[in-house]
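Enquirer: give me a model of this one.
(one chain, ligands or ions: 2)
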Amino acid sequence: MPGEVATARGAAACNVIMGLSFTATCTIEEVASSCNAVRFFQTYVYKRRDITELMVHKAESNGFRAIILTADTPRLGRREADIKNKLMISPRLRNFEGLITTEVVSDKGSNLEAYAAGTLDPSLCWKDIAWLKSITNLPILIKGVLTGEDAIKAVEAGVAGIIVSNHGARQLDYTPATISVLEEVVNAVQGKVPVLLDGGIRRGTDIFKALALGAKAILIGRPVVYGLATKGESGVKQVIEMLKNELEQTMALAGCCNVNDITRSHVKTEKERLLCRM
Ligand SMILES: Cc1cc2nc3c(=O)[nH]c(=O)nc-3n(C[C@H](O)[C@H](O)[C@H](O)COP(=O)(O)O)c2cc1C
Ligand SMILES: CCCCCCC(=O)C(=O)O
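Expert: Numbering: from 1, shown residues only. Ligands and ions are numbered 1, 2, ... in the order given. Below is the predicted model:
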């Protein structure tokens with residue numbers, strides 16, 4: 001079973017939302033018809049806007065409920081391990097068949113980097129949210145926000161939600177840990193749109209902390225990939241169930257009967273701990 005289909009089915013079984021990557025290996029239609037998971041579609045803005053537009057339209061007509069615009073990748077970060085290991089992008093990104101070739105040749109190491117350099121639009125900017133809104137009726141979540149200032153701009157540009165993310169620290173060294181900037185973003189947004197978070201969620205306690213600091217939901221990257229790699233659909237389910245059980249355990253021990261009972265006073269940040277000592 002293709003990885004994205006197994007992931008979608010695992011998500012559906014656990015009643016959580018599945019986010020499908022623009023760079024998925026199987027098609028938008030295959031994922032849509034594989035299960036009844038609530039699905040969001042993650043998009044990049046390609047130099048060839050017609051390709052982005054086509055993918056967004058396909059997602060919309062196949063019942064995806066929201067578009068996630070990844071804003072932190074106008075170009076790929078310098079991933080030295082990928083260069084050293086000569087990372088190859090899958091030659092079969094089936095959504096793009098007949099549109100664009102993924103068979104790029106790179107003499108510099110990572111052919112993902114070469115492919116990204118050829119396709120991603122490095123001029124990506126705030127006005128592209130208006131463009132995206134003009135081609136879809138779906139709500140748009142912006143992924144990759146790390147400051148209150150950018151969060152305010154994103155709200156002004158008309159996004160329906162903000163995902164605090166540093167792309168799993170894959171783009172740029174020294175970006176802050178997402179949990180450390182979450183509260184700044186939440187405060188800046190003032191409840192106008194929901195704020196979500198990803199990055200480093202490994203335990204139910206991590207989810208609890210994010211919710212306490214104001215996230216409405218969290219997203220999971222690598223843990224799901226690890227579950228998928230080891231046990232396919234059932235591995236995905238196991239990872240999600242483990243996190244749900246751990247969150248439930250944390251809530252029970254913190255005296256919270258439901259997620260709305262998790263409040264800011266349940267956690268102390270590093271800064272608060274330091275202030276206490278002064
Ligand atoms: C192998 C891999 C591929 C990824 N591909 C994408 C992608 O296509 N689009 C995207 O927006 N983010 C992508 N990400 C970043 C994730 O969406 C997410 O921001 C990050 O993995 C969250 O951190 P976590 O892995 O600690 O949960 C990728 C991450 C990994 C590890
Ligand atoms: C358009 C090619 C870039 C794909 C990057 C995938 C990704 O987000 C990641 O590897 O991280």
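
Enquirer: get me the contact residues on the stretch 51-200 of the chain for ligand 1.
Expert: The interface of the stretch 51-200 of the chain toward ligand 1, taken as CB under 6 Å from any ligand atom, is made up of Thr70, Lys143, Ser165, His167, Gly168, Arg170, Asp198, Gly199, Gly200. All C-beta atoms are positioned from the backbone trio N, CA, C, and that covers glycine.

Enquirer: ok, the second one touching Ile68?
Expert: Yes: using CB atoms under 8 Å as the test, Lys143 is close enough to Ile68 to be in contact (5.1 Å).

Enquirer: list the residues that contact both of those two?
Expert: Common contacts of Lys143 and Ile68, defined by CB atoms under 8 Å, 6 or more residues apart in numbering, comprise Gln42, Ile163.

Enquirer: from the residues of the stretch 51-200 of the chain next to ligand 1, which are also near ligand 2?
Expert: Applying CB under 6 Å from any ligand atom to those, one finds that His167, Arg170 fall near ligand 2.

Enquirer: please list only the buried members of the residues of the stretch 51-200 of the chain next to ligand 1.
Expert: Neighbour-count burial (16 or more other CB atoms under 10 Å) is assigned, among those, to Thr70, Lys143, Ser165, His167, Asp198, Gly199, Gly200.

Enquirer: gap between the two ends of stretch 27-43?
Expert: Its first and final residues considered, stretch 27-43 spans 14 Å by CA to CA, to the nearest Å.

Enquirer: chain center to that stretch: distance?
Expert: Relative to its parent chain, stretch 27-43 has a centroid offset of 15 Å by CA atoms, centre = their mean, to the nearest Å.

Enquirer: does that stretch come close to ligand 2?
Expert: No: Stretch 27-43 stays clear of ligand 2 (CB under 6 Å from any ligand atom), getting no nearer than 8.6 Å.

Enquirer: cool, and stretch 81-93?
Expert: No: judged by CB under 6 Å from any ligand atom, stretch 81-93 stays clear of ligand 2, getting no closer than 7.1 Å.

Enquirer: give me the helices and strands touching the helix ranked longest in the chain, please.
Expert: As assigned by DSSP state H, the longest helix anywhere in the chain is helix 222-253. Applying 3 or more CB pairs under 8 Å, 6 or more residues apart in numbering; DSSP states H and E, we find helix 222-253 packed against helix 3-13, helix 204-212.

Enquirer: list the buried residues for the first one?
Expert: Residues of helix 3-13 classed as buried: Gly3, Glu4, Val5, Ala6, Thr7, Ala8, Arg9, Gly10, Ala11, Ala12, Ala13 (neighbour count, 16+ other CB under 10 Å).

Enquirer: following it, which helix or strand shows up next?
Expert: Once the chain leaves helix 3-13, the next helix or strand it forms, by DSSP states H and E, is strand 18-20.

Enquirer: what is the burial count for the residue of the stretch 1-150 of the chain found nearest ligand 2?
Expert: In the stretch 1-150 of the chain, the residue that lies nearest ligand 2 is Ala116 (4.0 Å; CB to the nearest ligand atom). As a burial measure, Ala116 scores 20 neighbours (other CB atoms under 10 Å).

Enquirer: mind listing what it touches?
Expert: With CB under 8 Å, 6+ apart, Ala116 has these contacts: Thr73, Arg75, Leu76.

Enquirer: let's see 7 Å
Expert: The neighbourhood of Ala116, defined by CB atoms under 7 Å, 6 or more residues apart in numbering, consists of Arg75, Leu76.

Enquirer: state the helix or strand in which it lies.
Expert: According to DSSP H and E, Ala116 maps onto helix 111-119.

Enquirer: just the CA trace of that helix, in PDB.
Expert: Output of helix 111-119 as PDB, limited to C-alpha atoms (Å, rounded to 0.1, in the frame of the first residue of the first chain):
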ATOM      1  CA  ASN A 111      18.900  16.100  -6.600                       C
ATOM      2  CA  LEU A 112      16.000  17.200  -4.300                       C
ATOM      3  CA  GLU A 113      17.900  20.500  -4.000                       C
ATOM      4  CA  ALA A 114      18.200  20.700  -7.800                       C
ATOM      5  CA  TYR A 115      14.600  19.800  -8.300                       C
ATOM      6  CA  ALA A 116      13.500  22.400  -5.700                       C
ATOM      7  CA  ALA A 117      15.700  25.100  -7.300                       C
ATOM      8  CA  GLY A 118      14.000  24.400 -10.700                       C
ATOM      9  CA  THR A 119      10.400  24.400  -9.300                       C
END
